[in-house]
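[1] show me the folded form of this:
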Amino acid sequence: MTINNVEIKHLQVFVAVAETQNFSHAAQACGLSQSTVSLIIQRLEADLGVRLIDRTTRKVMLSRMGEEFLPGAQRIIADFTRQISDMRAWQEIERGQVNIACVPSVAIRLVPKTINAFRAKYPKISIKIFEEPRGRCMDMARKGDVDLAIANEPPDLSDLDAVPLLTDRFALVMRRDHRFAEREAVSWAEARDAGLVMMAATTGIRLELEHGLPAGMLQNKVSYEAVNPSTLLSMVREGIGLAPLPSLAWPEPSDPVLTFRPLRNPVVTRELHLAWRKDSSPTPAVEAFKSQLEKEASDYVIT
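    You can find the predicted model right below:
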């Protein structure tokens with residue numbers, strides 16, 4: 001028995017003959033000549049060392065070995081066809097899933113905006129978002145738990161592929177009835193003395209502020225802390241304090257209660273990066289989402 005010479009097309013021809021019980025009909029189904037079908041069956045029988053088809057002048061019938069061989073051949077063809085269909089769907093981005101880890105401020109506006117534009121093109125692709133601290137985001141990308149990670153740059157990106165995604169700056173979020181709302185801008189010293197609510201010391205946003213401000217400027221000046229920008233916005237809305245936040249976390253200009261003013265002396269910015277596992281081969285769905293994300297980030301305007 002020489003199974004190395006058996007090809008999928010040989011099995012397809014055999015199944016066609018078995019199911020139609022007619023060489024002419026099998027030839028039409030396979031898009032081959034009748035003589036080619038006969039030759040393929042002969043070669044298959046020779047390679048397997050058994051007779052699969054009993055031929056008479058009136059009809060074509062499976063031999064006993066042919067009847068035993070048919071279910072296995074059908075399963076192989078069905079599995080092969082399904083695999084080809086899955087690969088084509090994969091290539092054409094007919095379906096799939098994209099897993100993203102991002103810092104919470106990115107999940108407020110940029111990621112939802114990207115998903116909204118993305119689903120118009122690829123409605124069958126599902127998106128799963130993990131809101132995590134920056135270090136956790138990058139660890140998830142390293143381990144392959146997510147396809148993409150979005151965070152301000154960690155100390156080490158050597159084991160990841162990464163590209164700059166967006167630079168946003170800090171402003172002071174306040175109620176519209178606060179006295180600072182009448183100003184064009186606010187200094188950090190003024191904001192500090194007016195009472196701040198801030199991101200917790202372990203968050204990426206807080207780390208960016210600590211690096212961008214003079215040492216000790218905020219020491220003992222923070223009334224309340226939170227780990228999610230949405231929580232800070234709620235606290236400001238209730239009049240608990242003022243929140244320095246990067247632009248992705250600012251309230252919408254149409255917000256009836258909240259507004260924001262640029263923070264100066266100094267101006268503090270944050271660099272966001274898009275990262276993925278260096279040794280991975282992104283699926284077309286991931287590549288498509290990555291492109292959409294980069295487009296939305298490049299179109300983003302800091303007001």
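[2] so A78 versus V103, what's the distance?
    Separation of A78 from V103 (CB to CB, to the nearest Å): 46 Å. Every residue, glycine included, has its C-beta placed from N, CA and C.
[3] so which of those two has more stuff around it?
    For A78 and V103, the more surrounded residue by other CB atoms under 10 Å is V103, and the numbers stand at 27 against 11.
[4] could you check the pLDDT of that one?
    pLDDT, the model's per-residue confidence, is 93 for V103.
[5] same check on T57?
    At T57, pLDDT is 65.
[6] go on, T2?
    50.
[7] now swap in A89 and tell me
    64.
[8] please apply the same query to the one 4 residues further on.
    We have a pLDDT of 69 for I93.
[9] all helices for the stretch 101-250 of the chain, in order.
    104-108, 110-121, 134-143, 188-194, 204-212, 229-237 (DSSP state H, counting those that start in this stretch).
[10] Serialize the ones you listed to CSV and add fields for distance to V257.
    Converted to CSV, the helices of the stretch 101-250 of the chain look like this (distance: least, CB to CB, whole Å):
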stretch, distance to V257
helix 104-108, 16
helix 110-121, 21
helix 134-143, 29
helix 188-194, 18
helix 204-212, 22
helix 229-237, 5
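[11] tell me where this structure has strands.
    For the chain, the strands defined by DSSP state E cover 53-55, 60-62, 96-102, 125-131, 148-152, 160-175, 186-187, 196-199, 222-226, 243-246, 258-264, 269-277.
[12] what stretches of the stretch 201-303 of the chain score poorly on pLDDT?
    301-303 (pLDDT under 70).
[13] ok, now the stretch 1-150 of the chain?
    If you take pLDDT under 70 as the line, the stretch 1-150 of the chain has these spans: 1-5, 57, 86, 89-94.
[14] let's see 80
    1-6, 56-58, 85-95 (pLDDT under 80).
[15] mind listing what R192 touches?
    217-218, 221 (CB atoms under 8 Å, 6 or more residues apart in numbering).
[16] swap in 6 Å and give it another go.
    Going by CB atoms under 6 Å, 6 or more residues apart in numbering, R192 touches K221.
[17] go on, R64?
    R64 neighbours (CB under 6 Å, 6+ apart): none.
[18] swap in M65?
    Neighbours of M65 in contact, by CB under 6 Å, 6+ apart: V50.
[19] buried set for stretch 60-78?
    Neighbour counts over stretch 60-78 (16 or more other CB atoms under 10 Å) mark 60, 62, 66, 69-70, 73, 77 as buried.
[20] typo on my end, it should be stretch 18-34
    18, 22-23, 25-27, 29-30, 32.
[21] that stretch: end-to-end distance?
    From its first residue to its last, stretch 18-34 covers 14 Å (CA to CA, to the nearest Å).
[22] show residues contacting that stretch.
    13, 16-17, 37, 60, 62, 70.
[23] what do you get for stretch 235-255?
    Taking CB under 6 Å, 6+ apart as the rule, stretch 235-255 contacts 105-106, 108-110, 168-170, 172-174, 191, 194-197, 223, 229, 232, 257-258, 260, 270, 302.
[24] ditto for stretch 195-205
    103, 134, 152, 206, 222-225, 227, 232, 235, 240-243.
[25] which of these tops the neighbour count?
    A243 (30 neighbours).
[26] tell me how far that one lies from S234.
    For A243 relative to S234 (CB to CB), the value is 10 Å.
[27] then K278?
    Taking CB to CB, one finds K278 at 39 Å from S234.
[28] so which residue is dead centre in the chain?
    V98 (2.7 Å; CA atoms, centre = their mean).
[29] grab the nearest non-local neighbour of that one.
    F289 (4.6 Å; CB to CB, 6 or more residues apart in numbering).
[30] picking that back up, the buried residues of stretch 18-34 in helices, which ones?
    Among those, the members found in helices (DSSP state H) are 18, 23, 25-27, 29-30.
[31] just put the strands of the chain in a markdown table and tack on distance to E210.
    What follows is those, written out as a markdown table (distance: least, CB to CB, whole Å):
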| stretch | distance to E210 |
| --- | --- |
| strand 53-55 | 80 |
| strand 60-62 | 78 |
| strand 96-102 | 21 |
| strand 125-131 | 22 |
| strand 148-152 | 12 |
| strand 160-175 | 12 |
| strand 186-187 | 18 |
| strand 196-199 | 10 |
| strand 222-226 | 11 |
| strand 243-246 | 12 |
| strand 258-264 | 15 |
| strand 269-277 | 12 |
